[in-house]
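**Q** only geometry, no sequence info:
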């Protein structure tokens, strides 16, 4: 595992030519992304998909879920709604929201968009259960 250094890492990066492997629990610690749909692809920190938006959080921007600061730059742990581009949140906060809401109730907490929000969150490694 390139994250923890232990043996038994069975998840490999989906990028062709990349030989990095990691354990599923180590994925978030190593800034890796696992997509929980389709082919269930995983990506290491160097090849993970990034949100295709050019916006960055303004200074003193807070997470729309927990109301804690998100920082003033884009990172693995901060995400933005692709529809309104005003709702910033921590990856852990939006993951928790997705687990509680389920697929049919999950949406942007600010603009309530589902059409752009759900596919973007799935691509960025947010697991959304069907319940």
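**A** Sure, I can see it. Just so you know, these numbers come straight off a predicted model, no measurement behind them.
**Q** going forward, measure contacts and count neighbours with C-alpha atoms only.
**A** Will do.
**Q** residues making contact with the longest helix belonging to the chain?
**A** Secondary structure of the chain per DSSP state H: the longest helix is helix 91-101. Helix 91-101 is contacted from outside by 65-66, 76-79, 106, 126-129, using C-alpha atoms under 8 Å, 6 or more residues apart in numbering.
**Q** Please enumerate the helices of the chain.
**A** Counting by DSSP H, the helices of the chain are 91-101, 117-123.
**Q** List of residues touching the last one?
**A** Outside of helix 117-123, the residues that reach it under the criterion C-alpha under 8 Å, 6+ apart are 35-37, 49, 51, 81-83, 106-108, 128.
**Q** still on that earlier bit, what subset of the contacts of helix 91-101 is buried?
**A** Neighbour counting with 16 or more other C-alpha atoms under 10 Å marks 65, 76, 78-79, 106, 126-128 as buried within these.
**Q** so can I have TSV of those residues showing distance to residue 89?
**A** Compiled in TSV, the buried ones among the contacts of helix 91-101 are given as follows (distance: C-alpha to C-alpha, whole Å):
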residue	distance to residue 89
65	6
76	11
78	6
79	5
106	14
126	12
127	15
128	16
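**Q** Narrow the residues you listed to those in strands?
**A** Here DSSP state E is the test, and those give 78-79 as lying in strands.
**Q** ok, of the buried ones among the contacts of helix 91-101, which one's closest to residue 45?
**A** For those, the minimum distance to residue 45 (C-alpha to C-alpha) is 8.9 Å, reached by residue 76.
**Q** Near the nearest residue to the closest one once chain neighbours are set aside, how many other residues are there?
**A** Excluding the flanking residues, the one nearest residue 76 by C-alpha to C-alpha, 6 or more residues apart in numbering is residue 31, at 6.3 Å. Look at residue 31: counted by other C-alpha atoms under 10 Å, it has 16 neighbours.
**Q** just checking, residue 31 touches residue 75?
**A** No: using C-alpha atoms under 8 Å, residue 31 is not in contact with residue 75, being 9.5 Å away.
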